[in-house]
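> Sharing a sequence plus its predicted fold:
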Amino acid sequence: MQTLDRHTLTAMLEWQIELGATEAIGDAPVDRYTLAASAPKPNAKPLSEPKSAPAPMALAEDPVAIAKDMAAQAETLEALRAQMGAFEHCELKKGARNLVFSDGRAGARVMIIGEAPGRDEDREGRPFVGRAGQLLDRMLAAADMSRDRDVYITNVLPWRPPQNRDPKPEEIGMLKPFLERHVALAAPDILVLMGNISCQAVLGKRGITRLRGNWVEALGKPVLPMFHPAYLLRNPAAKRDAWADLLELKVRVTT
């Protein structure tokens, strides 16, 4: 095979460019006749209909907005309880035995807001019925108050979290519209927040050892943060502070 020099090759390339060549030929041969035969003819129908574009995904429902709407529809405490029972967007409901709504006397001047139901509360469907609830009853009795006469009790969450874990912020936020409506319908004069979770839900703050005993305003009511009775069972030394707070509450109620 004759070897061409560089000048000859350059001249041949320039000649091809003058003829209108725009593509370089690869090392392997290409059958242009086959490519031409397989090319789609003008106005030819495709072998299969093009797939339609997938439908846009539906926007996810906002559980907080749904809770607000459902809570706003309740005109009575009984209706609010029914609305909470119909709310299907909280996973806690699936693992709970009962909806824990309230206890005590509706219309009482003092409304106590606890954290979340425990095992005993979940079983009976009432807040503060376990050891912590028994201590609460003794505390109230020591201040000449009673659950059935002087206080109305509920929780931030109506369903028990698994293994009594702390409620998650998204769970608190999801169910807060029901709590706010609960306060509005119960119409107490004073709110008592027992524990960190209650303070977080209503005040947006934690740190019960710093918050307890200090009157603040929330939901249009005077609010007194206090230790949760379950905390007092674990820390008996804090009962002195709890007693002082209870006496402060008693003075506020009777004046």
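Received, thanks.
> Let me see the ranges of the helices in the stretch 151-255 of the chain.
In order along the chain, the stretch 151-255 of the chain carries the following helices (DSSP state H, counting those that start in this stretch): 169-186, 196-203, 208-211, 229-234, 239-254.
> which of the ones you listed sits most buried?
Comparing the helices of the stretch 151-255 of the chain by mean neighbour count (mean count of other Cβ atoms under 10 Å), helix 196-203 ranks first with a mean of 22. C-beta: built from backbone N, CA, C; applies to glycine.
> so how far is it from its chain's centroid?
If you compare the mean C-alpha spot of helix 196-203 with that of the full chain, they lie 14 Å apart, counting by Cα atoms, centre = their mean, to the nearest Å.
> So for it, mean pLDDT?
For helix 196-203, mean pLDDT is 97.
> what residues does that helix touch?
In this structure, residues lying in contact with helix 196-203 by Cβ atoms under 8 Å, 6 or more residues apart in numbering are 113-116, 156, 166-167, 169, 172, 176, 179, 191, 193, 205-208, 211, 216, 218-219, 223, 225, 228.
> Of all the helices of the stretch 151-255 of the chain, which one comes closest to residue 138?
helix 229-234 (9.1 Å; Cβ to Cβ).
> what's that closest one packed up against?
Packed against helix 229-234, as judged by 3 or more Cβ pairs under 8 Å, 6 or more residues apart in numbering; DSSP states H and E, are the following elements: helix 131-142.
> swap the cut-off to 10 Å and go again
Helices and strands in packing contact with helix 229-234 are listed as helix 131-142, strand 190-194, helix 239-254; criterion 3 or more Cβ pairs under 10 Å, 6 or more residues apart in numbering; DSSP states H and E.
> Now render the helices of the stretch 151-255 of the chain as TSV, adding distance to residue 120.
TSV is the format used below for these (distance: least, Cβ to Cβ, whole Å):
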stretch	distance to residue 120
helix 169-186	20
helix 196-203	18
helix 208-211	22
helix 229-234	11
helix 239-254	21
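> Of the ones you listed, give the one that comes closest to residue 102.
Among the helices of the stretch 151-255 of the chain, the nearest to residue 102 by Cβ to Cβ is helix 169-186 (7.6 Å).
> Just the CA trace of that closest one, in PDB.
Listed in PDB are the C-alpha atoms of helix 169-186, where the atom choice follows Å, rounded to 0.1, in the frame of the first residue of the first chain:
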ATOM      1  CA  PRO A 169     -42.900  18.800  68.200                       C
ATOM      2  CA  GLU A 170     -44.900  17.900  65.000                       C
ATOM      3  CA  GLU A 171     -47.400  16.100  67.100                       C
ATOM      4  CA  ILE A 172     -47.800  19.000  69.500                       C
ATOM      5  CA  GLY A 173     -48.200  21.400  66.600                       C
ATOM      6  CA  MET A 174     -50.700  19.200  64.800                       C
ATOM      7  CA  LEU A 175     -53.000  18.900  67.800                       C
ATOM      8  CA  LYS A 176     -52.500  22.400  69.200                       C
ATOM      9  CA  PRO A 177     -55.600  23.800  67.400                       C
ATOM     10  CA  PHE A 178     -57.800  21.300  69.300                       C
ATOM     11  CA  LEU A 179     -56.100  22.400  72.600                       C
ATOM     12  CA  GLU A 180     -56.700  26.100  71.900                       C
ATOM     13  CA  ARG A 181     -60.300  25.400  71.000                       C
ATOM     14  CA  HIS A 182     -60.700  23.300  74.200                       C
ATOM     15  CA  VAL A 183     -59.500  26.300  76.300                       C
ATOM     16  CA  ALA A 184     -61.900  28.600  74.500                       C
ATOM     17  CA  LEU A 185     -64.900  26.300  75.000                       C
ATOM     18  CA  ALA A 186     -64.100  25.500  78.600                       C
END
